[in-house]
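Participant: no letters, just coordinates:
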């Protein structure tokens, strides 16, 4: 079994070697294919002639017969195909191809006939042998690129099919009865051969054109697919890059969050620790022993009481901070329903009407179209707008003529957008990058969770919150659904 597989591999290697003779460096796929077919045909003919010649020699040895012209033409054709393979081996592939197309019928049929080697059965099979061999140009010539050569080869074989009978009669050294029988219907006999020649070659030509057309379409589609693959690969790389960037930003965000939380806790814990230590020292004597209540003076008692109040205040602040942190993770799931923007803005206007009047804020509201609506949770979205208006009011505290505008419309991407703009002090670029971080605030005594909470609510609605600002001219927050 192993030996059989080894022989099979060796035969495959030989076949592959012969097929690829002369194709080194050739980039045109059609030429490569033609070279391969030409080499394979030459090799098949070489093996066939070797087997035929071997059979003929054995027959001659067994019958003590003499060598005939038939044997010599087998030798001649064997020499021709050997030369063709040598031409291919040394890069003369076109010469090998032309030799296979034109020399094969001359060496095997026309040459022996013209030196008188004609047998009775030759009148029967020579024309049809030529019709069969005429398929070779169809396999080795590309009609679109080698139109002249293709027509020359077709005319060459058609002429041979037409005149082969006359050549056999002219050069034959013997007279055969079959010639007289053929002459009785020669016109029909020859028309049938020509019709068969034309039909076979026209059919093959048509099938080859279909094949070429299909290959061109396939190549075009392959090029499109290659471009798409390149684009997909680039998109995949971009996605991977963005993924890495998101992971990096997520880690950076967590680090900033941890730093903020640590900062807040430490800021509260240090005063508590210091005051607790100082209070403990007030209750101790010089040796560190706790004093009796009657030995502690009124002033010390008041200091201890004051310290405990401060500790209580700082502890409460720490508790409030933890509660605020917890609120970021406990946003209720949105109860989505159809909300008309007009109704939403009316609620907001009613809430802030008095405050706008007290602060002297010029409030403008616009909806385009008037029946604009969104799928959202009314209370949560209202909370976002309240947070943004509150921030805008705080930003305009030092503005002489505060203006607040709320506009709702469909943007260029057909998304509903609500924009809240003020003419306050604006936001610095470095702050814009951090305003949505939890606990980040530029204002004193502010938890810094308002914008972060608003961003979380928008994300739960599969929407986004963006901010743009022009320093000292105001800021705009865009809610994009």
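Facilitator: It's in. As the structure is a computational prediction, the values presented were derived from the model and not from experiment. Residues are numbered from 1 along each chain as shown.

Participant: part of a helix, is residue 421?
Facilitator: No. Residue 421 sits outside any helix when classified using DSSP: H, G, I helix; E, B strand; the rest coil, being strand.

Participant: hmm, residue 205 and residue 138 touching each other?
Facilitator: Yes. Distance between residue 138 and residue 205: 6.6 Å, which falls inside the contact criterion (Cβ atoms under 8 Å). Backbone N, C-alpha and C define where each C-beta goes, glycine included.

Participant: show me which of those two is the more surrounded one.
Facilitator: Between residue 138 and residue 205, counted using other Cβ atoms under 10 Å, the more crowded position is residue 138 (18 against 14).

Participant: how many residues are close by the closest residue to that one other than its chain neighbours?
Facilitator: In space, and not counting its chain neighbours, residue 138 is closest to residue 204: 4.6 Å by Cβ to Cβ, 6 or more residues apart in numbering. By the criterion of other Cβ under 10 Å, residue 204 has 15 neighbours.

Participant: chain center to the helix or strand containing residue 204, what's the gap?
Facilitator: Counting by DSSP states H and E, the element that carries residue 204 is helix 186-282. Going by Cα atoms, centre = their mean, to the nearest Å, the spacing between the C-alpha centre of helix 186-282 and its chain's C-alpha centre is 4 Å.

Participant: from now on call the first residue 21
Facilitator: Got it, first residue is 21 now, which makes that one helix 206-302.

Participant: packing partners of that helix?
Facilitator: For helix 206-302, the contact count by 3 or more Cβ pairs under 8 Å, 6 or more residues apart in numbering; DSSP states H and E identifies helix 142-153, helix 155-160, helix 167-191, helix 318-347 as packing neighbours.

Participant: so which of those helices gets nearest residue 449?
Facilitator: helix 318-347 (26.7 Å; Cβ to Cβ).

Participant: contacts for the helix or strand just after the closest one?
Facilitator: Per DSSP H and E, helix 318-347 leads on to strand 357-360 as the next helix or strand towards the C-terminus. Residues outside strand 357-360 that contact it (Cβ atoms under 8 Å, 6 or more residues apart in numbering): 391, 392, 393, 394, 395, 396, 397, 398, 401.

Participant: just those residues: which are in strands?
Facilitator: Secondary structure assignment (DSSP state E) places 393, 394, 395, 396 from the contacts of strand 357-360 within strands.

Participant: related to what we said a few turns ago, for residue 45, which of the helices and strands packed on helix 206-302 is the nearest?
Facilitator: Distances from residue 45 to each of the helices and strands packed on helix 206-302 were compared by Cβ to Cβ, and the smallest falls on helix 155-160, at 19.9 Å.

Participant: so which bits of that closest one are buried?
Facilitator: 156, 157, 158, 159, 160 (16 or more other Cβ atoms under 10 Å).

Participant: remind me what it packs against, helices and strands.
Facilitator: Here helix 155-160 is seen to pack against helix 49-83, helix 167-191, helix 206-302 when contacts are counted using 3+ Cβ pairs under 8 Å, 6+ apart.

Participant: assign residue 445 to helix, strand or coil.
Facilitator: State at residue 445, reduced to three classes by three-state DSSP: coil.

Participant: that one against residue 451, yeah?
Facilitator: No. Using Cβ under 8 Å as the test, residue 445 is too far from residue 451 to be in contact (11.1 Å).

Participant: show me what contacts residue 355?
Facilitator: Neighbouring residues of residue 355 by Cβ under 8 Å, 6+ apart: residue 397.

Participant: residue 116 too?
Facilitator: 42, 58, 59, 62, 104, 105, 107, 108.

Participant: go ahead and build a ChimeraX selection from the buried members of the ones in strands among the contacts of strand 357-360.
Facilitator: Provided next is the ChimeraX selection string for whichever of the ones in strands among the contacts of strand 357-360 are buried by 16+ other Cβ under 10 Å:
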select :394,396
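
Participant: just name the closest of the ones in strands among the contacts of strand 357-360 to residue 436, please.
Facilitator: Sorting the ones in strands among the contacts of strand 357-360 by distance to residue 436 puts residue 394 at the head of the list, at 5.2 Å, by Cβ to Cβ.

Participant: and the closest one, what is it in contact with?
Facilitator: Neighbouring residues of residue 394 by Cβ under 8 Å, 6+ apart: 358, 359, 361, 401, 436, 501.

Participant: can you rerun that using 6 Å?
Facilitator: Taking Cβ atoms under 6 Å, 6 or more residues apart in numbering as the contact definition, residue 394 lies against 359, 436, 501.

Participant: need those in JSON lines (columns: pLDDT).
Facilitator: JSON lines is the format used below for these (pLDDT from 0 to 100):
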{"residue": "359", "pLDDT": "88"}
{"residue": "436", "pLDDT": "92"}
{"residue": "501", "pLDDT": "90"}
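
Participant: and residue 392, how many neighbours?
Facilitator: Residue 392 has 18 neighbours, counted by other Cβ under 10 Å.

Participant: mind giving me the domain ranges of the protein?
Facilitator: Partitioning the chain according to automatic domain parsing yields domains covering residues 34-204, 357-500.

Participant: distance to residue 331 added to these, as a markdown table?
Facilitator: Compiled in a markdown table, the domains of the chain are given as follows (distance: least, Cβ to Cβ, whole Å):
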| stretch | distance to residue 331 |
| --- | --- |
| domain 34-204 | 85 |
| domain 357-500 | 19 |
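
Participant: of residue 445 and residue 451, who's got more company?
Facilitator: Just comparing residue 445 and residue 451: by other Cβ under 10 Å the higher neighbour count belongs to residue 445, 18 against 15.

Participant: so how far is residue 368 from the nearest residue to the more buried one once chain neighbours are set aside?
Facilitator: Beyond its immediate neighbours in the sequence, the residue positioned closest to residue 445 (Cβ to Cβ, 6+ apart) is residue 415, lying 5.6 Å away. Residue 415 sits at a distance of 17 Å from residue 368 (criterion: Cβ to Cβ, to the nearest Å).
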